[in-house]
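Engineer: Below: sequence and its predicted model.
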Amino acid sequence: MDVFEAMSTMRAIRRFKPDPVPEELLWRVLEAATKAPSGGNRQPWRFLVVRDAETKRRLAEIYRDGWQRVYGGLREQVMANPDSARIYRAADYLANHLEEVPVLILAVLRTADWPAPASPYGSYIYPAIQNLMLAARALGLGTVLTTVYRMREPEVRELLDIPDGWETMGLIPLGWPDERYAAGRFGPLRRQPVEEVTYWERWGETRSR
């Protein structure tokens, strides 16, 4: 798939089929992640693949607690708007069925002895996550990036034996989209026009194509 097509159709997928993902495809998306840039080419990342049912169940419990803490009290407010209601329903479904997703991937970053105090942690690993997600889209696999589990990050690290000096930066559920539902279908995307979010030379200076 052309990279521009992948970027313009890679919606967040939150409803997945239970079908397993072939290991060959897992290796392909993981290798794509490792091709991303990082400061000084340090590549201070690890990718932790979780397929064990019990481990997924325990991660899902932690995730649901984070979801409820952050978004549980917003349901009535969010559901009043049709656009936000659609996204909320899909995210709520994922929170309540996370253990059913075939593969969970945690992006883990080495944060001990951070070499660049002016650089935020995410700048070293989120390009790799984007590579992984684009590669998955090109292969017909769905993904979404989520972080609400981080409210209980120490428990996640303990569950997965992640040592000190390493921090999880995102959870990527991965699997085959369940296209029976809108939340299981790829693009096209709805985004603000590039002309409205791009300034030229000075803040606020716009230009038409």
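Structural biologist: That came in fine, so what should we check first? Everything numeric here is computed off the predicted structure, so don't read it as measured data.

Engineer: When you work out contacts or count neighbours from here on, use the C-alpha atoms and nothing else.
Structural biologist: Noted.

Engineer: so what's Y149 closest to, chain neighbours aside?
Structural biologist: Closest residue to Y149 in three dimensions, ignoring its sequence neighbours and counting by Cα to Cα, 6 or more residues apart in numbering: Y63, at 4.4 Å.

Engineer: Give me the next element, helix or strand, following the helix or strand containing the one you found.
Structural biologist: Counting by DSSP states H and E, the element that carries Y63 is helix 53-71. With elements assigned by DSSP H and E, the helix or strand that comes after helix 53-71 is helix 75-79.

Engineer: buried residues in the helix or strand following that next one?
Structural biologist: For helix 75-79, the following helix or strand on the C-terminal side (DSSP H and E) is helix 82-97. Neighbour-count burial for helix 82-97, counted by 16 or more other Cα atoms under 10 Å, picks out A85, I87, Y88, R89, A90, A91, D92, L94, A95, H97.

Engineer: Surely Q130 is in contact with A32?
Structural biologist: No. Contact criterion Cα atoms under 8 Å: Q130 and A32 do not qualify, at 9.3 Å.

Engineer: Compare the two (neighbour count), which wins?
Structural biologist: A32 (19 against 16; other Cα atoms under 10 Å).

Engineer: my guess is the more buried one meets A135, correct?
Structural biologist: Yes. Judged on Cα under 8 Å, A32 makes contact with A135 at a distance of 6.5 Å.

Engineer: Among the buried residues of helix 82-97, which one sits closest to P193?
Structural biologist: Distance to P193, by Cα to Cα, is smallest for I87 among these, at 20.6 Å.

Engineer: Quick check: the closest one vs G142, distance?
Structural biologist: From I87 across to G142, the span is 16 Å (Cα to Cα, to the nearest Å).

Engineer: show me what contacts S123?
Structural biologist: S38 (Cα atoms under 8 Å, 6 or more residues apart in numbering).

Engineer: For the least confident helix or strand in the chain by mean pLDDT, which residues meet the burial criterion?
Structural biologist: Lowest by mean pLDDT, DSSP states H and E among the helices and strands of the chain is helix 75-79, with a mean of 78. For helix 75-79, a neighbour-count test (16+ other Cα under 10 Å) marks V78 as buried.

Engineer: what's that helix packed up against?
Structural biologist: helix 82-97 (3 or more Cα pairs under 8 Å, 6 or more residues apart in numbering; DSSP states H and E).

Engineer: Going by contacts, tell me the helices and strands next to the helix it packs on.
Structural biologist: helix 53-71, helix 75-79.

Engineer: Excluding covalently adjacent residues, which one is nearest to the residue positioned nearest the centre of the chain?
Structural biologist: By Cα atoms, centre = their mean, the mean C-alpha position of the chain lies nearest to L145, the distance being 1.2 Å. Distances taken as Cα to Cα, 6+ apart put I172 closest to L145, at 5.0 Å, once the chain neighbours are dropped.

Engineer: How about the secondary structure of P127?
Structural biologist: helix (DSSP: H, G, I helix; E, B strand; the rest coil).
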